[in-house]
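Participant: compute the structure for the input listed below.
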Amino acid sequence: MEIITTLNLNDYLSTKSNWHRRFLYDENYSVKRDVSFVNEEYDKERYAPLQSYLLQNPKSTVEDLKQLEFKLLGMDQEYSHIYSIGEVIYRSPLYIFRAMYYEVIKKILKKYITGRLCELGCGYGYNLDLLKYISKGNLPPYGGELSDSCISIAKQLEISVSKFNFLIATDYKFIMEGSTIFTHHAVEQLPTANVFLDNLSLHKEKINEIILLEPTYIEDRSTLLGGMRNKFNLAVDHNHDLLKLIHNRKDIDIINIETDFIGMHPLNSTNLIVFKFK
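Facilitator: Residues are numbered from 1 along each chain as shown. Model (predicted):
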């Protein structure tokens with residue numbers, strides 16, 4: 001039996017898929033994403049159970065928590081996971097995808113980072129632990145996060161995570177001199193990225209570069225799968241304008257953009273965006 005197989009759209013979006021019905025038959029589904037919605041979906045539903053588990057199992061590692069996080073979503077490490085690379089859809093056990101996916105993240109950070117790693121919207125610090133030797137000069141990475149449950153988890157795991165809200169300008173003051181800003185599926189929670197870019201620009205003297213691994217609406221997608229990705233983006237109220245804003249801002253130098261290069265969820269595929277402020 002093959003461990004990694006490819007799927008076509010018929011296999012992926014069969015009649016068993018919720019998105020098949022939503023795309024073709026206009027099944028009513030929409031989300032209004034705001035701070036209260038994000039707190040409910042992540043802090044209370046996703047991360048609070050991890051915090052309770054850690055209190056009962058204080059010797060747990062950050063990897064133990066990540067595996068539990070997937071398990072609570074119905075995916076153990078042998079789960080048959082569907083993902084995408086570009087326009088090609090694959091299926092493999094989750095543990096194989098995770099190994100490949102996190103190796104991709106490491107390679108990207110190693111290629112572009114020139115400062116001390118600062119992840120915004122870092123959760124309980126899984127990526128900070130994964131990338132703890134990435135920062136230049138071996139300075140420990142640090143991050144900011146909205147979820148109180150995550151901040152408590154990170155503190156117990158001795159990972160440096162501060163309270164942070166993308167929408168509050170003063171929360172960006174914790175960014176240290178010579179930092180490389182990194183986000184991973186965090187800006188997606190902001191239907192518009194305007195406030196994020198404006199707030200970051202206020203601290204540009206402290207920032208070396210910004211590395212974003214984020215989904216977003218992309219106007220010039222032209223394939224069937226691309227159109228479905230845009231429709232998914234609108235339905236779940238993920239970010240609608242990140243790439244457009246970055247292209248249009250005169251205070252930004254774009255270093256690299258790779259659209260839809262990988263997707264933990266094929267309809268919510270990740271774009272690589274690397275830039276600096278002028």
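
Participant: could you check how far residue 124 is from residue 163?
Facilitator: Separation of residue 124 from residue 163 (CB to CB, to the nearest Å): 13 Å. Bear in mind the C-beta positions are built from the backbone N, C-alpha and C, glycine included.

Participant: any common contacting residues for those two?
Facilitator: Common contact partners of residue 124 and residue 163 (CB atoms under 8 Å, 6 or more residues apart in numbering): 145, 151.

Participant: the more surrounded of these two?
Facilitator: residue 124 (29 against 14; other CB atoms under 10 Å).

Participant: the more buried one: what secondary structure?
Facilitator: Under DSSP: H, G, I helix; E, B strand; the rest coil, residue 124 falls in the coil class.

Participant: how about residue 51?
Facilitator: Strictly by three-state DSSP, residue 51 counts as helix.

Participant: hmm, it is touching residue 154, no?
Facilitator: No. Between residue 51 and residue 154 there is no contact under CB atoms under 8 Å: 10.2 Å.

Participant: residue 13 - nearest residue in space that isn't next to it in sequence?
Facilitator: Counting by CB to CB, 6 or more residues apart in numbering, residue 20 is the residue found nearest to residue 13 once chain neighbours are left out, at 4.7 Å.

Participant: can you say which helix or strand has the one you found in it?
Facilitator: Per DSSP states H and E, residue 20 falls inside helix 18-25.

Participant: give the buried residues for that helix.
Facilitator: Judged by neighbour count using 16 or more other CB atoms under 10 Å, the buried positions of helix 18-25 are 19-20, 22-23.

Participant: residue 51 and residue 154: who's more crowded?
Facilitator: Between residue 51 and residue 154, counted using other CB under 10 Å, the more crowded position is residue 154 (25 against 20).

Participant: and the more buried one, that one's in a helix?
Facilitator: Yes. Counting by three-state DSSP, residue 154 is found in a helix.

Participant: list the residues that contact it.
Facilitator: Going by CB under 8 Å, 6+ apart, residue 154 touches 124-125, 128, 143, 145, 160-161.

Participant: pLDDT score for it?
Facilitator: Predicted confidence (pLDDT) for residue 154: 98.

Participant: over to residue 19?
Facilitator: 81.

Participant: next: residue 78.
Facilitator: You'll see residue 78 listed with a pLDDT of 93.

Participant: biggest separation within the contacts of residue 154, which pair?
Facilitator: Greatest spacing in the contacts of residue 154, by CB to CB: 124 and 160 (11.7 Å).

Participant: send the alpha carbons of stretch 48-60 over as PDB?
Facilitator: The C-alpha trace of stretch 48-60 is given here as PDB (Å, rounded to 0.1, in the frame of the first residue of the first chain):
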ATOM      1  CA  ALA A  48      -8.400  25.400  27.000                       C
ATOM      2  CA  PRO A  49      -8.500  21.600  26.900                       C
ATOM      3  CA  LEU A  50      -4.700  21.500  26.300                       C
ATOM      4  CA  GLN A  51      -4.200  23.800  29.300                       C
ATOM      5  CA  SER A  52      -6.200  21.400  31.500                       C
ATOM      6  CA  TYR A  53      -4.300  18.400  30.200                       C
ATOM      7  CA  LEU A  54      -1.000  20.100  30.900                       C
ATOM      8  CA  LEU A  55      -2.000  20.900  34.500                       C
ATOM      9  CA  GLN A  56      -2.800  17.200  35.000                       C
ATOM     10  CA  ASN A  57       0.300  16.100  33.100                       C
ATOM     11  CA  PRO A  58       3.000  18.700  33.900                       C
ATOM     12  CA  LYS A  59       5.800  16.700  32.300                       C
ATOM     13  CA  SER A  60       4.200  16.900  28.900                       C
END
